[in-house]
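Enquirer: kindly return the folded structure for what I paste below:
(one chain, ligands or ions: 1)
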Amino acid sequence: MKPKVLVTREVFDDVLDYLAKHFEVSSNQADQPLSAQELAAKLADKAGALTVLTDRIDAALLERCPQLKAVCNIAVGYNNIDLDACRAHGVMATNTPGVLDDATADFTWALILATARRLTEAEAWLRAGQWHGWKLKQFLGRDVFGATLGIVGMGRIGQSVAKRAHGFDMKILYYNRKPVSADIEQACRARYVSLDELLAQSDIVTLHTPYSDATHHLIGAKELAKMKPSALLIHAARGGVLDDLALIAALKEQRIAGAGLDVYEGEPKLNPEFLTFKNVVLAPHIASSTERTRHRMAMLAAENLVAALTAGRPPNLLNP
Ligand code: DGY
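Expert: Numbers count the residues shown, from 1 in each chain. Coordinates of the predicted model:
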């Protein structure tokens with residue numbers, strides 16, 4: 001008999017076909033988020049799960065799922081999974097590193113350019129029929145070419161963002177828990193500085209750290225106060241790395257010039273005050289969302305699930 005697995009949200013058909021070769025698959029292709037109760041009920045007799053970042057995998061859930069052996073997240077971030085609880089219950093947890101670096105870095109650049117050049121604000125104005133002619137001072141933006149870019153979190157995505165900055169002839173500063181190797185610094189043409197120095201020097205600050213207790217509100221009121229009034233903040237990492245209320249206060253007091261955001265605390269319920277700022281570009285957590293990348297993420301998670309339940313050693317195991 002094939003092991004039973006649950007796919008908690010909609011995925012691509014060929015990913016389901018691949019899983020069906022190995023497992024008896026139940027899937028939520030209607031794509032309605034499952035409540036904690038529904039998830040526990042559906043997982044009670046399953047050996048594995050293909051999950052997404054909205055599925056909370058914690059001790060309370062695992063206690064109700066005695067057969068569960070593997071939880072494979074379709075995301076590089078895994079703050080929805082309590083790894084200690086997984087360890088305690090003998091459940092393997094995996095993520096999808098690597099396959100989304102380029103798409104996420106590309107989108108970070110979309111946010112940088114759209115924010116600096118006021119693209120969404122100008123488009124909304126044009127669509128509203130307000131364009132009646134060219135003006136010298138129309139939608140004056142900020143230069144990206146030659147500016148200083150500050151990257152907070154120099155993992156794979158931060159590095160991919162840095163490499164794209166070379167075409168804009170930027171000075172690149174970075175802050176990380178510890179400096180990256182000299183080779184990576186050289187390839188990225190980036191200089192390690194303290195967080196304070198990065199905030200004070202950068203024209204554009206972009207966040208790329210995972211979310212954890214250690215990075216909760218890494219950027220809050222104190223840090224925003226250190227940024228230049230002309231600087232922009234870009235955030236496509238994970239809700240909670242930035243203190244959203246502190247950013248709203250800084251924007252209201254015009255202590256920074258604007259922001260480009262893809263992730264939020266408590267998403268999808270973003271703070272409605274964000275909608276009131278013209279100098280903020282808002283996206284609905286889509287940085288990795290290209291057809292190719294989301295497909296690669298889902299397939300990698302499925303491969304992890306197959307490896308976990310057949311060989312016991314998935315390639316992207318988070319809790320060996
Ligand atoms: C990730 O992989 O963590 C992304 O945020 C998913 O969109």
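
Enquirer: and the end-to-end length of stretch 17-27?
Expert: End-to-end distance of stretch 17-27 (CA to CA, to the nearest Å): 12 Å.

Enquirer: please read the previous query as pertaining to stretch 87-107.
Expert: Termini of stretch 87-107 sit 34 Å apart (CA to CA).

Enquirer: which residues of the stretch 201-320 of the chain fall in helices?
Expert: Assigned by DSSP state H, counting those that start in this stretch, the helices in the stretch 201-320 of the chain fall at 221-224, 244-252, 291-310.

Enquirer: which one of the ones you listed lies nearest to W125?
Expert: Among those, helix 244-252 comes nearest to W125, with 19.2 Å by CB to CB. Just so you know, the C-beta spots here come from the backbone N, C-alpha and C atoms, and that holds for glycine as well.

Enquirer: from the helices of the stretch 201-320 of the chain, which stretch is densest packed?
Expert: Highest mean neighbour count of the helices of the stretch 201-320 of the chain: helix 291-310, a mean of 20 (counted as mean count of other CB atoms under 10 Å).

Enquirer: what helices and strands are in contact with it?
Expert: Applying 3 or more CB pairs under 8 Å, 6 or more residues apart in numbering; DSSP states H and E, we find helix 291-310 packed against helix 13-22, strand 48-51, strand 70-73, strand 92-94, helix 101-116.

Enquirer: angle of that helix against helix 13-22?
Expert: Angle, helix 291-310 to helix 13-22, by axes from the mean of the first three to the mean of the last three CA atoms, to 10 degrees: 10 degrees.

Enquirer: which outside residues touch helix 291-310?
Expert: For helix 291-310, the external contacting residues (CB atoms under 8 Å, 6 or more residues apart in numbering) are 3, 5, 11-12, 14-15, 18-19, 22-23, 47-50, 69-70, 72-75, 92, 94, 96, 99-100, 102-103, 288, 313-317.

Enquirer: ok, back up a step: let's have the helices of the stretch 201-320 of the chain in CSV, adding mean pLDDT.
Expert: Converted to CSV, these look like this (pLDDT from 0 to 100):
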stretch, mean pLDDT
helix 221-224, 98
helix 244-252, 98
helix 291-310, 98
